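Undergrad: With the input below, show me the fold.
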Amino acid sequence: MDEVRAKLERATGCKIQYGGYPCNTCFHALDIEGLREDIHEYWLAVLAHRGDYPELPRRDDLVRELSEKLE
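TA: Next comes the predicted model:
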(Lines give C-alpha, C1' and ligand atoms only; values in the text may rest on other atoms or scores of the structure.)
Protein backbone atom coordinates (compact mmCIF):
# COMPACT_ATOMS: atom_id res chain seq x y z
CA MET A 1 0.00 0.00 0.00
CA ASP A 2 2.99 2.30 0.44
CA GLU A 3 3.43 2.21 -3.34
CA VAL A 4 -0.14 3.39 -3.89
CA ARG A 5 0.26 6.10 -1.24
CA ALA A 6 3.43 7.36 -2.92
CA LYS A 7 1.77 7.38 -6.34
CA LEU A 8 -1.20 9.29 -4.94
CA GLU A 9 1.12 11.83 -3.36
CA ARG A 10 2.90 12.37 -6.68
CA ALA A 11 -0.39 12.64 -8.58
CA THR A 12 -2.13 15.00 -6.15
CA GLY A 13 0.70 16.82 -4.38
CA CYS A 14 -1.22 16.21 -1.15
CA LYS A 15 -0.27 14.03 1.81
CA ILE A 16 -2.22 15.72 4.61
CA GLN A 17 -4.17 12.71 5.85
CA TYR A 18 -3.01 10.06 8.30
CA GLY A 19 -0.18 8.02 6.84
CA GLY A 20 0.59 10.54 4.11
CA TYR A 21 -2.50 10.01 1.99
CA PRO A 22 -4.21 12.82 0.07
CA CYS A 23 -7.36 14.47 1.34
CA ASN A 24 -10.79 13.74 -0.08
CA THR A 25 -10.82 16.92 -2.18
CA CYS A 26 -7.43 16.32 -3.80
CA PHE A 27 -8.22 12.66 -4.44
CA HIS A 28 -11.53 13.49 -6.12
CA ALA A 29 -9.79 16.11 -8.31
CA LEU A 30 -7.77 13.35 -9.99
CA ASP A 31 -8.57 13.04 -13.69
CA ILE A 32 -7.57 9.51 -14.64
CA GLU A 33 -8.68 8.21 -18.02
CA GLY A 34 -9.98 4.70 -18.41
CA LEU A 35 -11.13 3.96 -14.86
CA ARG A 36 -13.93 1.37 -14.76
CA GLU A 37 -15.75 3.06 -11.88
CA ASP A 38 -16.45 6.57 -10.63
CA ILE A 39 -13.48 8.12 -8.79
CA HIS A 40 -15.45 7.99 -5.54
CA GLU A 41 -15.46 4.18 -5.65
CA TYR A 42 -11.64 4.26 -5.70
CA TRP A 43 -11.64 6.64 -2.74
CA LEU A 44 -13.81 4.21 -0.79
CA ALA A 45 -11.51 1.36 -1.83
CA VAL A 46 -8.47 3.24 -0.51
CA LEU A 47 -10.26 4.03 2.76
CA ALA A 48 -11.21 0.37 3.16
CA HIS A 49 -7.69 -0.77 2.33
CA ARG A 50 -6.24 1.62 4.91
CA GLY A 51 -8.65 0.21 7.47
CA ASP A 52 -10.36 3.54 8.19
CA TYR A 53 -13.85 2.06 7.96
CA PRO A 54 -14.09 -1.66 8.71
CA GLU A 55 -17.68 -1.69 7.47
CA LEU A 56 -16.58 -0.85 3.91
CA PRO A 57 -16.04 -3.85 1.65
CA ARG A 58 -12.47 -4.43 0.53
CA ARG A 59 -12.02 -3.62 -3.16
CA ASP A 60 -8.44 -4.66 -3.76
CA ASP A 61 -9.24 -4.88 -7.48
CA LEU A 62 -9.91 -1.13 -7.55
CA VAL A 63 -6.78 -0.36 -5.52
CA ARG A 64 -4.72 -2.40 -8.01
CA GLU A 65 -6.36 -0.71 -11.00
CA LEU A 66 -5.76 2.73 -9.49
CA SER A 67 -2.13 1.89 -8.85
CA GLU A 68 -1.67 0.72 -12.44
CA LYS A 69 -3.31 3.85 -13.86
CA LEU A 70 -1.06 6.07 -11.73
CA GLU A 71 2.13 4.59 -13.25
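
Undergrad: drop to CA atoms for contacts and neighbour counts, all remaining ones
TA: Will do.

Undergrad: got a list of contacts for the helix or strand hosting Leu8?
TA: Assigned by DSSP states H and E, Leu8 belongs to helix 2-12. By Cα atoms under 8 Å, 6 or more residues apart in numbering, the surrounding residues in contact with helix 2-12 are 14-15, 20-22, 26-27, 30, 63, 66-67, 70-71.

Undergrad: Return the item of those residues having minimum pLDDT.
TA: The lowest pLDDT within those belongs to Glu71, with 87.

Undergrad: What about the contacts of helix 2-12, which one has the most neighbours?
TA: Neighbour counts for the contacts of helix 2-12, by other Cα atoms under 10 Å, peak at Tyr21, which reaches 24 neighbours.

Undergrad: dump the residue contacts of that residue.
TA: The neighbours of Tyr21, taking Cα under 8 Å, 6+ apart as the test, are Arg5, Leu8, Glu9, Cys14, Lys15.

Undergrad: Which ones among the contacts of helix 2-12 lie within helices?
TA: Cys26, Phe27, Val63, Leu66, Ser67 (DSSP state H).

Undergrad: hmm, back to that, put together JSON lines for the contacts of Tyr21, with distance to Asp38 on each row.
TA: Below are those laid out as JSON lines (distance: Cα to Cα, whole Å):
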{"residue": "Arg5", "distance to Asp38": "19"}
{"residue": "Leu8", "distance to Asp38": "17"}
{"residue": "Glu9", "distance to Asp38": "20"}
{"residue": "Cys14", "distance to Asp38": "20"}
{"residue": "Lys15", "distance to Asp38": "22"}
